[in-house]
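>>> sequence-free structure coming up:
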Ligand SMILES: Nc1nc2c(ncn2[C@@H]2O[C@H](COP(=O)(O)OP(=O)(O)O[C@H]3O[C@H](CO)[C@@H](O)[C@H](O)[C@@H]3O)[C@@H](O)[C@H]2O)c(=O)[nH]1
Ligand SMILES: [Mg+2]
């Protein structure tokens, strides 16, 4: 690919690990603001992009979230392994974010949605991950519930489905029971744009 930045050249990539996802070391010459060139090196973890969705119900003033074990969070803090998150999934190579999120919503929480709106796009950790997340919202109701959800056994997913009042979810952000970034962004998006109103 053509290099669009003229303060960057001689980019080489070395794959350090390639099991579930790929860890590359990328070496490059970088020109600082003072004009000086220097060879630098950064490790980039590539597990593709992702999509996440906040399901909300205006009549009931509720949202659907998931709870699952996350080893990286547990590794950081043994009390934080069980993570409360908006439904989310990795985007397969040729999929569009919308296709991914429709599929993941059915697999993880059992709702067949027809109307999802993309509202935010965010790098989740641009110093370390190549991942960009596409964030959606959609209304849900009981007529859309088509299966029990819980995730794919074939992928060893073990997902608990939570239906919470919006007020409770916002309170859980404040008291740090919800500490997943994409989930906080989506809940705050809903609050700022008054999709739901916490009491
Ligand atoms: N064997 C194996 N399985 C893995 C590994 N890493 C993840 N998995 C499993 O692969 C499945 C992927 O499930 P998805 O629903 O597609 O993704 P996700 O884990 O929910 O991640 C979503 O949210 C993340 C941010 O919190 C995003 O990073 C990601 O892109 C995606 O949107 C999960 O069951 C997960 O446990 C690994 O290193 N080894
Ligand atoms: Mg998931």
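Okay, I see it. These numbers were taken from a predicted model, which means no experiment stands behind them. Ligands and ions are numbered 1, 2, ... in the order given.
>>> Outline the domain layout of the protein.
Partitioning the chain according to automatic domain parsing yields domains covering residues 8-46, 50-192.
>>> hmm, the first one touching ligand 1?
Translated: domain 8-46. Yes: for domain 8-46, a contact with ligand 1 is found by Cβ under 6 Å from any ligand atom, at residue 20. C-beta: built from backbone N, CA, C; applies to glycine.
>>> Only the buried residues of that domain, if you could.
Counting neighbours by 16 or more other Cβ atoms under 10 Å, one finds that the buried residues in domain 8-46 are 22-24, 28, 30, 44.
>>> Dump the residues you listed to CSV, plus distance to residue 193, pLDDT and secondary structure.
Conversion of the buried residues of domain 8-46 to CSV gives the following (distance: Cβ to Cβ, whole Å; pLDDT from 0 to 100; DSSP: H, G, I helix; E, B strand; the rest coil):
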residue, distance to residue 193, pLDDT, secondary structure
22, 36, 98, strand
23, 37, 98, strand
24, 37, 98, strand
28, 40, 98, strand
30, 39, 97, strand
44, 33, 98, strand
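>>> So which of these is the closest to residue 146?
Taking Cβ to Cβ as the measure, residue 22 is the one of these closest to residue 146, at 34.7 Å.
>>> what bridges to the closest one?
In this structure, residue 22 has the following beta-bridge partners (DSSP bridges): residue 18, residue 46.
>>> Surely it is in contact with residue 46?
Yes: when contacts are counted by Cβ atoms under 8 Å, residue 22 is listed as touching residue 46 (4.6 Å).
>>> Can you verify my assumption that residue 185 contacts residue 121?
No: distance between residue 185 and residue 121: 10.3 Å, which falls outside the contact criterion (Cβ under 8 Å).
>>> any common contacting residues for the two?
Common neighbours of residue 185 and residue 121 are listed as residue 135 (criterion: Cβ atoms under 8 Å, 6 or more residues apart in numbering).
>>> Neighbour count: those two, which is higher?
Relative neighbour count places residue 185 above the other of residue 185 and residue 121, with 19 against 11, counting by other Cβ atoms under 10 Å.
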